[in-house]
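K.L.:
structure here, sequence nowhere to be found:
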């Protein structure tokens, strides 16, 4: 896996509304309708992460859930992080998290 350059990341981030970051890591905070829905979102993301063996850092604060993505073995953001961010975004929509 190759770390994306700043230019490559800048070109890809607009395809992931609300996500931001730099070649070291990208992140997004979602607000769930309530705490239990936020936990359901985290559980759904955990299943995907296990399936693809690529795990986000997750911070839960009541209805706010922050996902931070980086490919530790590569030392920064790779295409795997972009793909996982897109999957997280789709799950967030399913759970009505904005």
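P.N.:
Cool, the structure landed. In this text, all values refer to a predicted model and were calculated from it rather than measured experimentally. Numbers count the residues shown, from 1 in each chain.
K.L.:
element containing the residue nearest to residue 92 when sequence neighbours are not counted, please.
P.N.:
For residue 92, ignoring the flanking residues on the chain, the nearest one in space by C-beta to C-beta, 6 or more residues apart in numbering is residue 30 at 4.8 Å. In short, each C-beta sits where N, CA and C put it, glycine included. According to DSSP states H and E, residue 30 maps onto strand 25-31.
K.L.:
circling back to that earlier point, I'd say the residue nearest to residue 92 and residue 64 touch.
P.N.:
Yes. If you go by C-beta atoms under 8 Å, residue 30 and residue 64 touch, sitting 7.3 Å apart.
K.L.:
now for the two: what residues contact both?
P.N.:
Common contact partners of residue 30 and residue 64 (C-beta atoms under 8 Å, 6 or more residues apart in numbering): residue 38.
K.L.:
quick one: contacts of the helix or strand following the strand holding residue 30?
P.N.:
Using DSSP H and E, the helix or strand that follows strand 25-31 towards the C-terminus is helix 35-52. With contact meaning C-beta under 8 Å, 6+ apart, helix 35-52 is reached by 30, 32, 55-56, 58, 60, 62-65, 67, 80, 84, 87-88, 91-92, 94-97.
K.L.:
please apply the same query to stretch 5-25.
P.N.:
Around stretch 5-25, the neighbours that count as contacts under C-beta under 8 Å, 6+ apart are 3-4, 26-28, 30, 68-70, 76-77, 81-82, 85-86, 89.
K.L.:
would you check which pair of those lies furthest apart?
P.N.:
Greatest spatial distance among the contacts of stretch 5-25 (C-beta to C-beta): 3 and 30, at 25.1 Å.
K.L.:
who has more neighbours out of these two?
P.N.:
Neighbours per residue, other C-beta atoms under 10 Å: of residue 3 and residue 30, the larger number sits with residue 30, 22 against 17.
K.L.:
what residues are up against that one?
P.N.:
If you count contacts by C-beta under 8 Å, 6+ apart, residue 30 has them with 18, 38, 41, 64, 65, 66, 67, 92, 97, 98.
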